[in-house]
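Student: Fold the following.
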Amino acid sequence: MFSFDLPTVQVPTCHLSLEGDIRFDPPIYEQRYATVIQVLEHPDFESKLKKIVEFGCSEMRLLWLLRRTKGIEHIVEVDVDEETLLMYKNRAAPIVSDHIVSRETPLRIEVFKGSIDVSSEYLKNTDAVIGIEIIEHLYPEVLENVPYNVFGFIQPKIALFSTPNSDFNVLFRPLPNGFRHYDHKFEWSQQQFKDWALNICERFPNYRVAIFGVGEAPQDSPELGPVSQFALFVRNDVYGLPLTTDIEDVPADLNPDTAYKEIYAVDFPMRHDDRTLDQKIWDEASFFINQYRTFEMYHNTERLIYQIPFDKILEAIEPVSNSADDLRRVLLENDQVIEDGFVVVPEDDPNRMQGRWSGDSDSNYDDYDYYDRDQDDDDNNVSNGNCHNNDEENAAAEHEEEECWD
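Tutor: Residues are numbered from 1 along each chain as shown. You can find the predicted model right below:
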(Lines give C-alpha, C1' and ligand atoms only; values in the text may rest on other atoms or scores of the structure.)
Protein backbone atom coordinates (compact mmCIF):
# COMPACT_ATOMS: atom_id res chain seq x y z
CA MET A 1 0.00 0.00 0.00
CA PHE A 2 0.99 3.61 -0.41
CA SER A 3 -0.34 6.96 0.74
CA PHE A 4 -2.18 9.20 -1.72
CA ASP A 5 -3.14 12.70 -0.65
CA LEU A 6 -6.08 14.65 -2.00
CA PRO A 7 -7.40 18.06 -0.93
CA THR A 8 -9.82 17.51 1.95
CA VAL A 9 -12.97 19.36 2.92
CA GLN A 10 -12.36 21.23 6.17
CA VAL A 11 -16.04 21.43 7.20
CA PRO A 12 -18.23 18.44 8.10
CA THR A 13 -20.37 17.22 5.19
CA CYS A 14 -22.44 14.77 7.26
CA HIS A 15 -25.52 15.96 9.13
CA LEU A 16 -28.95 14.79 10.33
CA SER A 17 -32.09 15.76 8.44
CA LEU A 18 -35.24 16.90 10.23
CA GLU A 19 -36.46 13.31 9.97
CA GLY A 20 -33.33 12.07 11.74
CA ASP A 21 -31.73 10.57 8.62
CA ILE A 22 -28.08 10.92 7.68
CA ARG A 23 -27.53 13.37 4.82
CA PHE A 24 -24.45 14.76 3.11
CA ASP A 25 -23.86 18.24 1.76
CA PRO A 26 -22.72 18.18 -0.98
CA PRO A 27 -24.53 14.91 -1.76
CA ILE A 28 -22.22 11.94 -1.52
CA TYR A 29 -22.45 11.13 -5.23
CA GLU A 30 -21.16 14.64 -6.02
CA GLN A 31 -18.28 14.08 -3.60
CA ARG A 32 -17.45 10.81 -5.36
CA TYR A 33 -17.46 12.48 -8.78
CA ALA A 34 -15.27 15.31 -7.48
CA THR A 35 -12.83 12.76 -6.07
CA VAL A 36 -12.56 11.01 -9.43
CA ILE A 37 -11.69 14.28 -11.17
CA GLN A 38 -9.20 15.19 -8.44
CA VAL A 39 -7.44 11.87 -8.97
CA LEU A 40 -7.36 12.23 -12.76
CA GLU A 41 -6.02 15.79 -12.50
CA HIS A 42 -3.48 14.96 -9.79
CA PRO A 43 0.06 16.20 -10.58
CA ASP A 44 1.36 12.63 -10.27
CA PHE A 45 -0.60 11.70 -13.41
CA GLU A 46 -0.28 14.93 -15.39
CA SER A 47 -0.27 14.30 -19.17
CA LYS A 48 -0.25 10.52 -18.55
CA LEU A 49 -3.98 9.77 -18.77
CA LYS A 50 -5.30 10.12 -22.31
CA LYS A 51 -7.77 7.24 -22.61
CA ILE A 52 -10.33 6.63 -19.85
CA VAL A 53 -12.73 3.71 -19.51
CA GLU A 54 -15.68 4.06 -17.14
CA PHE A 55 -17.43 0.81 -16.26
CA GLY A 56 -20.99 0.95 -14.95
CA CYS A 57 -21.51 4.39 -16.52
CA SER A 58 -25.34 4.04 -16.38
CA GLU A 59 -26.84 7.48 -17.19
CA MET A 60 -23.34 8.89 -17.91
CA ARG A 61 -23.57 11.61 -15.30
CA LEU A 62 -19.82 11.53 -14.59
CA LEU A 63 -19.17 12.01 -18.30
CA TRP A 64 -20.07 15.72 -18.05
CA LEU A 65 -16.99 16.17 -15.87
CA LEU A 66 -14.73 13.72 -17.68
CA ARG A 67 -15.15 15.39 -21.05
CA ARG A 68 -13.89 18.67 -19.59
CA THR A 69 -10.95 17.20 -17.72
CA LYS A 70 -7.63 18.46 -19.01
CA GLY A 71 -5.53 15.96 -20.93
CA ILE A 72 -8.26 13.39 -21.66
CA GLU A 73 -8.59 12.61 -25.36
CA HIS A 74 -10.59 9.36 -25.46
CA ILE A 75 -13.45 8.28 -23.18
CA VAL A 76 -15.08 4.84 -23.34
CA GLU A 77 -18.38 4.47 -21.46
CA VAL A 78 -19.43 0.87 -20.71
CA ASP A 79 -22.56 -0.58 -19.12
CA VAL A 80 -24.54 -3.83 -19.38
CA ASP A 81 -27.89 -2.01 -19.58
CA GLU A 82 -28.45 -1.28 -23.28
CA GLU A 83 -31.82 0.36 -22.68
CA THR A 84 -30.30 2.92 -20.32
CA LEU A 85 -27.43 3.63 -22.71
CA LEU A 86 -29.85 4.24 -25.58
CA MET A 87 -31.90 6.57 -23.41
CA TYR A 88 -28.93 8.68 -22.32
CA LYS A 89 -26.51 8.37 -25.23
CA ASN A 90 -27.09 12.01 -26.20
CA ARG A 91 -25.15 12.99 -23.08
CA ALA A 92 -22.05 11.87 -24.97
CA ALA A 93 -22.77 14.20 -27.90
CA PRO A 94 -21.16 17.63 -28.35
CA ILE A 95 -23.33 20.50 -27.18
CA VAL A 96 -23.71 23.87 -28.88
CA SER A 97 -20.73 25.45 -27.13
CA ASP A 98 -18.50 22.57 -28.27
CA HIS A 99 -19.13 23.73 -31.84
CA ILE A 100 -18.82 27.44 -31.08
CA VAL A 101 -15.62 27.01 -29.08
CA SER A 102 -13.76 24.08 -30.59
CA ARG A 103 -11.25 22.12 -28.54
CA GLU A 104 -7.52 22.52 -29.00
CA THR A 105 -6.98 18.80 -28.42
CA PRO A 106 -8.90 15.79 -29.80
CA LEU A 107 -11.70 14.09 -27.89
CA ARG A 108 -13.47 10.90 -28.90
CA ILE A 109 -16.31 9.42 -26.85
CA GLU A 110 -17.55 5.87 -27.38
CA VAL A 111 -20.48 4.18 -25.63
CA PHE A 112 -20.66 0.39 -25.48
CA LYS A 113 -22.92 -2.24 -24.10
CA GLY A 114 -20.50 -4.59 -22.36
CA SER A 115 -19.47 -6.13 -19.06
CA ILE A 116 -16.65 -5.14 -16.74
CA ASP A 117 -15.41 -8.74 -16.63
CA VAL A 118 -15.18 -9.23 -20.41
CA SER A 119 -12.13 -8.24 -22.45
CA SER A 120 -12.48 -6.38 -25.72
CA GLU A 121 -10.21 -4.79 -28.30
CA TYR A 122 -11.99 -1.51 -27.53
CA LEU A 123 -10.42 -1.53 -24.06
CA LYS A 124 -6.80 -1.75 -25.20
CA ASN A 125 -4.35 1.12 -24.63
CA THR A 126 -6.45 2.41 -21.73
CA ASP A 127 -4.64 4.66 -19.26
CA ALA A 128 -7.27 4.84 -16.50
CA VAL A 129 -10.14 2.56 -15.48
CA ILE A 130 -12.98 3.96 -13.36
CA GLY A 131 -15.55 1.84 -11.52
CA ILE A 132 -17.67 3.99 -9.22
CA GLU A 133 -20.12 2.09 -7.02
CA ILE A 134 -20.24 -0.87 -9.40
CA ILE A 135 -18.59 -3.86 -7.74
CA GLU A 136 -21.37 -4.22 -5.14
CA HIS A 137 -23.82 -4.77 -8.02
CA LEU A 138 -21.86 -7.74 -9.41
CA TYR A 139 -22.62 -11.42 -8.92
CA PRO A 140 -19.72 -13.44 -7.41
CA GLU A 141 -18.65 -15.05 -10.69
CA VAL A 142 -18.49 -11.65 -12.42
CA LEU A 143 -16.66 -10.00 -9.53
CA GLU A 144 -14.10 -12.80 -9.54
CA ASN A 145 -13.24 -12.11 -13.18
CA VAL A 146 -12.92 -8.33 -12.82
CA PRO A 147 -9.25 -8.28 -11.72
CA TYR A 148 -8.25 -10.51 -14.63
CA ASN A 149 -9.88 -8.17 -17.13
CA VAL A 150 -8.74 -4.90 -15.55
CA PHE A 151 -5.23 -5.78 -14.35
CA GLY A 152 -4.47 -8.78 -16.55
CA PHE A 153 -5.91 -7.67 -19.90
CA ILE A 154 -6.32 -3.87 -19.85
CA GLN A 155 -3.31 -3.21 -17.59
CA PRO A 156 -4.04 0.52 -17.16
CA LYS A 157 -1.71 3.03 -15.54
CA ILE A 158 -4.31 3.59 -12.82
CA ALA A 159 -7.62 2.05 -11.78
CA LEU A 160 -10.07 3.67 -9.36
CA PHE A 161 -12.90 1.78 -7.65
CA SER A 162 -15.38 2.87 -5.01
CA THR A 163 -17.94 0.92 -3.01
CA PRO A 164 -20.16 1.48 0.05
CA ASN A 165 -18.57 1.01 3.46
CA SER A 166 -20.86 -1.33 5.38
CA ASP A 167 -19.37 -0.19 8.72
CA PHE A 168 -21.27 3.05 8.17
CA ASN A 169 -24.62 1.30 7.73
CA VAL A 170 -25.43 1.41 11.44
CA LEU A 171 -26.33 5.07 10.83
CA PHE A 172 -28.77 4.20 8.03
CA ARG A 173 -32.16 2.58 7.86
CA PRO A 174 -31.38 -0.23 5.41
CA LEU A 175 -33.71 -1.67 2.80
CA PRO A 176 -35.32 -5.09 3.39
CA ASN A 177 -32.31 -6.80 1.77
CA GLY A 178 -30.11 -5.26 4.47
CA PHE A 179 -28.21 -3.04 2.05
CA ARG A 180 -28.41 0.55 0.82
CA HIS A 181 -29.82 -0.36 -2.60
CA TYR A 182 -32.18 -3.07 -3.80
CA ASP A 183 -29.68 -4.28 -6.45
CA HIS A 184 -26.64 -4.62 -4.17
CA LYS A 185 -25.36 -8.18 -3.94
CA PHE A 186 -23.10 -7.38 -0.95
CA GLU A 187 -21.56 -4.47 0.92
CA TRP A 188 -18.05 -4.64 2.37
CA SER A 189 -16.61 -3.38 5.61
CA GLN A 190 -13.40 -1.35 5.55
CA GLN A 191 -11.34 -4.46 6.31
CA GLN A 192 -13.05 -6.55 3.62
CA PHE A 193 -12.46 -3.88 0.99
CA LYS A 194 -8.83 -3.54 2.04
CA ASP A 195 -8.38 -7.33 1.85
CA TRP A 196 -9.87 -7.38 -1.68
CA ALA A 197 -7.55 -4.61 -2.85
CA LEU A 198 -4.41 -6.13 -1.33
CA ASN A 199 -5.28 -9.53 -2.80
CA ILE A 200 -5.37 -7.95 -6.25
CA CYS A 201 -1.90 -6.47 -5.69
CA GLU A 202 -0.60 -9.89 -4.66
CA ARG A 203 -1.93 -11.50 -7.83
CA PHE A 204 -0.89 -8.57 -10.03
CA PRO A 205 2.33 -7.29 -8.44
CA ASN A 206 2.81 -4.54 -11.02
CA TYR A 207 0.29 -2.56 -8.96
CA ARG A 208 0.21 -0.82 -5.60
CA VAL A 209 -2.94 0.47 -3.92
CA ALA A 210 -3.98 3.44 -1.82
CA ILE A 211 -7.25 3.38 0.14
CA PHE A 212 -9.21 6.47 1.17
CA GLY A 213 -12.81 7.62 1.20
CA VAL A 214 -15.39 10.42 1.02
CA GLY A 215 -18.23 11.31 3.36
CA GLU A 216 -16.61 11.16 6.75
CA ALA A 217 -18.52 9.74 9.71
CA PRO A 218 -19.89 12.03 12.45
CA GLN A 219 -17.21 13.34 14.78
CA ASP A 220 -18.40 11.09 17.61
CA SER A 221 -18.07 7.93 15.46
CA PRO A 222 -14.73 8.16 13.59
CA GLU A 223 -14.26 4.39 13.77
CA LEU A 224 -17.04 3.95 11.22
CA GLY A 225 -14.86 5.44 8.49
CA PRO A 226 -16.16 7.13 5.32
CA VAL A 227 -19.54 6.32 3.86
CA SER A 228 -17.95 5.54 0.49
CA GLN A 229 -14.50 3.94 0.23
CA PHE A 230 -12.04 4.20 -2.67
CA ALA A 231 -9.18 2.01 -3.85
CA LEU A 232 -6.69 3.64 -6.21
CA PHE A 233 -4.44 1.13 -7.98
CA VAL A 234 -1.34 2.61 -9.64
CA ARG A 235 1.02 0.72 -11.91
CA ASN A 236 4.57 0.80 -10.57
CA ASP A 237 6.17 2.41 -13.62
CA VAL A 238 3.94 5.48 -13.21
CA TYR A 239 6.05 6.32 -10.15
CA GLY A 240 9.28 5.23 -11.80
CA LEU A 241 9.38 1.86 -10.03
CA PRO A 242 10.36 -1.35 -11.84
CA LEU A 243 7.64 -3.66 -13.12
CA THR A 244 7.60 -7.16 -11.70
CA THR A 245 6.34 -8.61 -14.98
CA ASP A 246 6.43 -7.19 -18.49
CA ILE A 247 3.31 -5.59 -19.93
CA GLU A 248 2.12 -8.03 -22.56
CA ASP A 249 -0.42 -7.76 -25.34
CA VAL A 250 -3.09 -10.21 -24.16
CA PRO A 251 -5.64 -11.44 -26.75
CA ALA A 252 -9.20 -10.23 -26.27
CA ASP A 253 -12.20 -12.48 -25.68
CA LEU A 254 -13.73 -13.25 -29.10
CA ASN A 255 -16.89 -14.89 -27.77
CA PRO A 256 -19.72 -13.33 -29.84
CA ASP A 257 -22.18 -13.83 -26.99
CA THR A 258 -20.27 -11.43 -24.76
CA ALA A 259 -18.78 -9.11 -27.41
CA TYR A 260 -19.04 -5.38 -26.85
CA LYS A 261 -21.78 -3.61 -28.83
CA GLU A 262 -21.26 -0.03 -29.94
CA ILE A 263 -24.18 2.22 -29.02
CA TYR A 264 -22.74 5.59 -29.97
CA ALA A 265 -19.44 7.16 -31.02
CA VAL A 266 -18.44 10.74 -31.78
CA ASP A 267 -15.35 12.83 -32.44
CA PHE A 268 -15.62 16.33 -30.99
CA PRO A 269 -14.96 19.44 -33.11
CA MET A 270 -11.32 20.47 -32.83
CA ARG A 271 -9.62 23.71 -33.69
CA HIS A 272 -6.70 23.39 -36.10
CA ASP A 273 -4.34 26.17 -35.13
CA ASP A 274 -1.21 26.30 -37.29
CA ARG A 275 0.11 29.61 -35.94
CA THR A 276 3.59 29.89 -34.49
CA LEU A 277 3.96 30.73 -30.80
CA ASP A 278 4.98 34.29 -31.73
CA GLN A 279 1.82 34.67 -33.81
CA LYS A 280 -0.31 33.43 -30.93
CA ILE A 281 1.36 35.84 -28.50
CA TRP A 282 0.88 38.77 -30.88
CA ASP A 283 -2.74 37.89 -31.62
CA GLU A 284 -3.55 37.65 -27.92
CA ALA A 285 -1.60 40.76 -26.95
CA SER A 286 -3.01 42.91 -29.74
CA PHE A 287 -6.55 41.93 -28.83
CA PHE A 288 -6.16 42.85 -25.18
CA ILE A 289 -4.24 46.05 -25.94
CA ASN A 290 -7.09 47.20 -28.16
CA GLN A 291 -9.56 46.20 -25.45
CA TYR A 292 -7.67 48.14 -22.77
CA ARG A 293 -7.64 51.24 -25.03
CA THR A 294 -11.26 51.67 -24.01
CA PHE A 295 -10.38 51.97 -20.30
CA GLU A 296 -10.19 55.56 -19.09
CA MET A 297 -7.87 54.53 -16.27
CA TYR A 298 -5.11 53.95 -18.82
CA HIS A 299 -5.68 57.23 -20.70
CA ASN A 300 -3.02 59.96 -20.35
CA THR A 301 -4.86 63.10 -21.43
CA GLU A 302 -1.74 65.28 -21.34
CA ARG A 303 0.29 63.13 -23.74
CA LEU A 304 -2.75 61.90 -25.70
CA ILE A 305 -1.72 58.28 -25.24
CA TYR A 306 -2.81 55.13 -23.48
CA GLN A 307 -0.38 53.59 -20.99
CA ILE A 308 -1.28 49.95 -20.49
CA PRO A 309 0.65 48.02 -17.79
CA PHE A 310 2.93 45.44 -19.37
CA ASP A 311 2.15 42.99 -16.54
CA LYS A 312 -1.58 43.37 -17.24
CA ILE A 313 -1.07 42.18 -20.82
CA LEU A 314 1.22 39.37 -19.67
CA GLU A 315 -1.49 38.19 -17.27
CA ALA A 316 -4.12 38.33 -20.00
CA ILE A 317 -2.15 36.16 -22.45
CA GLU A 318 -1.17 33.55 -19.81
CA PRO A 319 -3.11 30.72 -21.56
CA VAL A 320 -0.73 31.15 -24.51
CA SER A 321 2.53 32.14 -22.80
CA ASN A 322 3.69 33.37 -19.40
CA SER A 323 7.11 34.48 -20.64
CA ALA A 324 7.71 38.21 -20.13
CA ASP A 325 10.78 38.06 -22.38
CA ASP A 326 8.80 36.51 -25.25
CA LEU A 327 6.01 39.05 -24.89
CA ARG A 328 8.43 41.98 -24.81
CA ARG A 329 10.28 40.69 -27.88
CA VAL A 330 7.08 40.10 -29.87
CA LEU A 331 5.70 43.56 -29.01
CA LEU A 332 8.91 45.27 -30.08
CA GLU A 333 9.03 43.24 -33.31
CA ASN A 334 5.53 44.58 -34.05
CA ASP A 335 6.61 48.22 -33.52
CA GLN A 336 5.04 48.62 -30.09
CA VAL A 337 6.56 51.10 -27.64
CA ILE A 338 7.40 49.93 -24.12
CA GLU A 339 8.52 52.44 -21.51
CA ASP A 340 8.71 52.25 -17.71
CA GLY A 341 6.68 49.04 -17.55
CA PHE A 342 3.89 50.29 -19.82
CA VAL A 343 2.91 49.61 -23.41
CA VAL A 344 2.35 53.05 -24.94
CA VAL A 345 -0.35 53.37 -27.59
CA PRO A 346 -1.30 56.65 -29.33
CA GLU A 347 -4.73 58.00 -28.51
CA ASP A 348 -5.69 58.23 -32.17
CA ASP A 349 -3.85 55.48 -33.98
CA PRO A 350 -4.84 55.39 -37.66
CA ASN A 351 -3.17 51.98 -37.94
CA ARG A 352 -5.11 50.08 -35.36
CA MET A 353 -3.19 46.93 -34.48
CA GLN A 354 -4.12 43.87 -36.44
CA GLY A 355 -4.96 40.77 -34.42
CA ARG A 356 -7.27 37.84 -34.27
CA TRP A 357 -10.27 40.10 -33.74
CA SER A 358 -9.79 41.80 -37.11
CA GLY A 359 -9.04 38.87 -39.41
CA ASP A 360 -5.49 39.99 -40.22
CA SER A 361 -4.55 38.45 -43.54
CA ASP A 362 -0.90 38.24 -42.53
CA SER A 363 -1.66 35.75 -39.78
CA ASN A 364 -2.37 32.11 -40.48
CA TYR A 365 -5.22 31.51 -38.08
CA ASP A 366 -8.34 31.47 -40.22
CA ASP A 367 -9.81 28.64 -38.16
CA TYR A 368 -9.03 30.28 -34.81
CA ASP A 369 -12.05 32.00 -33.27
CA TYR A 370 -11.89 34.35 -30.32
CA TYR A 371 -14.26 33.78 -27.45
CA ASP A 372 -14.88 35.46 -24.15
CA ARG A 373 -13.46 33.10 -21.54
CA ASP A 374 -15.63 34.54 -18.82
CA GLN A 375 -18.71 33.84 -20.89
CA ASP A 376 -17.84 30.25 -21.79
CA ASP A 377 -19.18 28.65 -18.61
CA ASP A 378 -22.44 30.58 -18.92
CA ASP A 379 -22.85 29.38 -22.49
CA ASN A 380 -22.25 25.80 -21.43
CA ASN A 381 -24.77 26.12 -18.65
CA VAL A 382 -27.41 27.43 -21.03
CA SER A 383 -26.62 24.72 -23.56
CA ASN A 384 -26.68 22.02 -20.94
CA GLY A 385 -30.09 23.13 -19.82
CA ASN A 386 -31.42 22.82 -23.34
CA CYS A 387 -30.12 19.31 -23.82
CA HIS A 388 -32.64 17.50 -21.63
CA ASN A 389 -36.33 16.93 -22.01
CA ASN A 390 -38.68 16.92 -19.05
CA ASP A 391 -38.54 13.15 -18.71
CA GLU A 392 -34.75 13.25 -18.41
CA GLU A 393 -34.91 16.04 -15.84
CA ASN A 394 -37.40 14.12 -13.72
CA ALA A 395 -35.32 10.96 -13.96
CA ALA A 396 -32.22 12.92 -12.99
CA ALA A 397 -34.00 14.38 -9.97
CA GLU A 398 -35.01 10.90 -8.80
CA HIS A 399 -31.46 9.68 -9.38
CA GLU A 400 -29.99 12.49 -7.28
CA GLU A 401 -32.39 11.81 -4.44
CA GLU A 402 -31.47 8.11 -4.46
CA GLU A 403 -27.75 8.82 -4.57
CA CYS A 404 -27.88 11.17 -1.58
CA TRP A 405 -27.19 8.16 0.60
CA ASP A 406 -26.40 5.24 -1.73
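Student: Low-confidence ranges, the chain, go.
Tutor: 8-12, 20, 349-406 (pLDDT under 70).
Student: can you tell me which residues contact S115?
Tutor: 78, 80, 142, 258 (C-beta atoms under 8 Å, 6 or more residues apart in numbering). All C-beta spots, glycine's among them, are computed from the backbone N, C-alpha and C.
Student: ok, of these, which come out buried?
Tutor: 78, 80, 142 (16 or more other C-beta atoms under 10 Å).
Student: what's the distance between the closest residue to the last one other than its chain neighbours and Y148?
Tutor: With C-beta to C-beta, 6 or more residues apart in numbering as the criterion, V142 has its nearest non-adjacent residue at 4.8 Å, and that residue is D117. Plainly put, D117 is 8 Å away from Y148 if you go by C-beta to C-beta, to the nearest Å.
Student: Same question for Q190.
Tutor: According to C-beta to C-beta, Q190 and Y148 sit 25 Å apart.
Student: cool, N125 as well?
Tutor: 18 Å.
Student: what does F168 give?
Tutor: As for F168, its distance to Y148 is 30 Å (criterion: C-beta to C-beta).
Student: Please say which of these two ends up with more neighbours.
Tutor: F168 (26 against 15; other C-beta atoms under 10 Å).
Student: Now do the SS call for the more buried one.
Tutor: helix (DSSP: H, G, I helix; E, B strand; the rest coil).
Student: Show me the domain layout of the protein.
Tutor: The chain breaks down by automatic domain parsing into domains covering 14-271+376-403, 277-368.
Student: I'd like those domains as CSV, with distance to S3 appended.
Tutor: Output for the domains of the chain, formatted as CSV (distance: least, C-beta to C-beta, whole Å):
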stretch, distance to S3
domain 14-271+376-403, 6
domain 277-368, 32
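Student: Show me the strands in the stretch 151-300 of the chain, by range?
Tutor: Using DSSP state E, counting those that start in this stretch, the strands of the stretch 151-300 of the chain run over residues 158-164, 207-214, 228-235, 261-267, 299-300.
Student: V146: neighbouring residues, count only.
Tutor: 22.
Student: Now do it against A197, distance only.
Tutor: From V146 to A197 the distance is 12 Å (C-beta to C-beta).
Student: Next: V36.
Tutor: 17 Å.
Student: now for the longest helix seen in the chain, which elements pack on it?
Tutor: Using DSSP state H, we find that the single longest helix of the chain is helix 277-292. Where contact means 3 or more C-beta pairs under 8 Å, 6 or more residues apart in numbering; DSSP states H and E, helix 277-292 is packed against strand 305-309, helix 310-316, helix 324-333.
Student: Would you mark the buried spots in the longest one?
Tutor: Of the residues in helix 324-333, those scored as buried under the neighbour-count criterion (16+ other C-beta under 10 Å) are 326-327, 330-331.
Student: Am I right that L232 is in contact with L160?
Tutor: Yes. Counting by C-beta atoms under 8 Å, L232 does reach L160; the two are 5.3 Å apart.
Student: just to confirm, which helix or strand has D98 in it?
Tutor: In this assignment (DSSP states H and E), D98 forms part of helix 96-100.
Student: buried ones in that helix?
Tutor: By neighbour count on 16+ other C-beta under 10 Å, the buried set for helix 96-100 is 97-98.
Student: The chain should start at 774 in everything you say after this.
Tutor: Happy to do that; since the first residue is 774 now, the last one works out to helix 869-873.
Student: Tell me the helices and strands packed up against that helix.
Tutor: helix 1146-1158.
Student: Excluding sequence neighbours, find me the nearest residue to T878.
Tutor: Counting by C-beta to C-beta, 6+ apart, E846 is the residue found nearest to T878 once chain neighbours are left out, at 5.9 Å.
Student: neighbours of that neighbour, just the number please.
Tutor: So E846, with other C-beta under 10 Å, has 16 neighbours.
Student: Tell me who's in contact with it.
Tutor: E846 touches 823-824, 878-881, counting by C-beta under 8 Å, 6+ apart.
Student: Let's see that with 7 Å instead.
Tutor: 823, 878-880 (C-beta atoms under 7 Å, 6 or more residues apart in numbering).
Student: most surrounded residue in those residues?
Tutor: That'd be L880 among the contacts of E846, by other C-beta under 10 Å, with 19 neighbours.
Student: how many neighbours does the residue lying closest to that residue once chain neighbours are set aside have?
Tutor: Closest residue in space to L880, ignoring its immediate chain neighbours: F1041 at 4.1 Å, by C-beta to C-beta, 6+ apart. For F1041, the neighbour count with other C-beta under 10 Å is 18.
Student: Am I right that F1041 is in contact with P867?
Tutor: Yes. Between F1041 and P867 there is a contact at 5.2 Å, judged by C-beta atoms under 7 Å.
Student: how much space between the residue lying farthest from the centre of the chain and P1082?
Tutor: No residue in the chain sits farther from the centre than E1075, which is 51.5 Å out by C-alpha atoms, centre = their mean. E1075 is 18 Å from P1082, where distance means C-beta to C-beta.
Student: Same check on F777?
Tutor: Separation of F777 from P1082 (C-beta to C-beta): 42 Å.
Student: cool, and N938?
Tutor: Per C-beta to C-beta, N938 is found 53 Å from P1082.
Student: And the two? Which one has more around it.
Tutor: A count of neighbours by other C-beta under 10 Å puts N938 above the other of N938 and P1082, at 22 against 13.
Student: surely the more buried one meets F1003?
Tutor: No. Contact criterion C-beta under 7 Å: N938 and F1003 do not qualify, at 10.1 Å.
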